[in-house]
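# no FASTA, just this:
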């Protein structure tokens, strides 16, 4: 098969396809051959860009982290609007009912992935927890007890769980239903 893509374009396509497969099949649910077939290159050509599936997985997660940092840095509005935007980012960008988060795609095979992949997942979670802690800190009454990081972890977990629930049913409305109580607590 003829390979006519420029190397940078090929690398970008490989990462895009890997992300799509991670989000719809899980990290363990696809192979380098699946990526090669979708990109239209030979499997051996993938190794020119990524020496292993693990290195590719880390790149997808790092790209997701960078995208979140860019998204959150450019987000204005009140803390309520920011929290609502975070929930909508999960619903729309992560395609509730059709896919899961790239980091969440690692959970089914957590014991089978290497330490670098695990750390990339933890880094993606951490940056969201830090951001959410700031947003929730601006929303909570000053005399409220409990840790902001714990509250942020709860929001993160609720969004991840709602995404998985919607994926199981194939219905984005189940994402909304799962987060109804959360949205009522912070977006009044």
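Alright, I've got the coordinates. Predicted model only: the values in this text are computed from it and were never measured.
# For stretch 75-94, list every residue counted as buried.
By neighbour count on 16 or more other C-beta atoms under 10 Å, the buried set for stretch 75-94 is 79, 82, 83, 85, 86, 87, 89, 90, 91, 94. Placement of C-beta: from N, CA and C, glycine included.
# Show me what the helix-or-strand element of the chain with minimal mean pLDDT is packed up against.
Sorting the helices and strands of the chain by mean pLDDT, DSSP states H and E puts helix 172-186 at the bottom, at a mean of 83. When contacts are defined as 3 or more C-beta pairs under 8 Å, 6 or more residues apart in numbering; DSSP states H and E, helix 172-186 sits against helix 79-88, helix 148-169.
# Between the buried residues of stretch 75-94, which sits nearest residue 48?
residue 94 (29.7 Å; C-beta to C-beta).
# OK, contacts around that closest one?
Contacts of residue 94 were listed using C-beta atoms under 8 Å, 6 or more residues apart in numbering, and they are 23, 100, 101, 163.
# now with 6 Å?
101, 163 (C-beta atoms under 6 Å, 6 or more residues apart in numbering).
# Can you list the residue ranges for strands in this structure?
Taking DSSP state E as the criterion, the chain carries no strands.
# nearest to residue 129, of the helices and strands packed on helix 172-186?
Closest approach to residue 129 among these is made by helix 148-169 (4.6 Å; C-beta to C-beta).
# the inter-axis angle of that closest one versus helix 79-88?
If you take axes from the mean of the first three to the mean of the last three C-alpha atoms, to 10 degrees, helix 148-169 sits at 40 degrees to helix 79-88.
# Can you report the mean pLDDT over the residues of helix 148-169?
Per-region confidence: helix 148-169 scores 94 on mean pLDDT.
# these two touch, right, residue 179 and residue 162?
Yes - taking contacts as C-beta atoms under 6 Å, residue 179 lies within contact range of residue 162: 5.0 Å.
# Where does the prediction get shaky in this protein?
1-7, 143, 185-188 (pLDDT under 70).
# for it, longest helix please?
Taking DSSP state H as the criterion, the chain has its longest helix at helix 115-139.
# Which elements pack onto it?
Helix 115-139 is packed against helix 53-73, helix 79-88, helix 148-169, with contacts defined by 3 or more C-beta pairs under 6 Å, 6 or more residues apart in numbering; DSSP states H and E.
# buried ones in the first one?
The reference is to helix 53-73. Under the neighbour-count criterion of 16+ other C-beta under 10 Å, helix 53-73 has 53-54, 56-61, 63-65, 68, 72 buried.
# The longest one too?
Along helix 148-169, the positions that meet the burial threshold by neighbour count (16+ other C-beta under 10 Å) are 148, 151-153, 155-156, 158-160, 162-167.
# Taking their axis directions, it and helix 115-139 sit at what angle?
Going by the same axes, to 10 degrees, helix 148-169 makes 110 degrees with helix 115-139.
# now do the second one
Using the same axes, to 10 degrees, the direction of helix 79-88 lies 150 degrees away from that of helix 115-139.
# Can you give the distance of helix 79-88 from its chain's centre?
16 Å (C-alpha atoms, centre = their mean, to the nearest Å).
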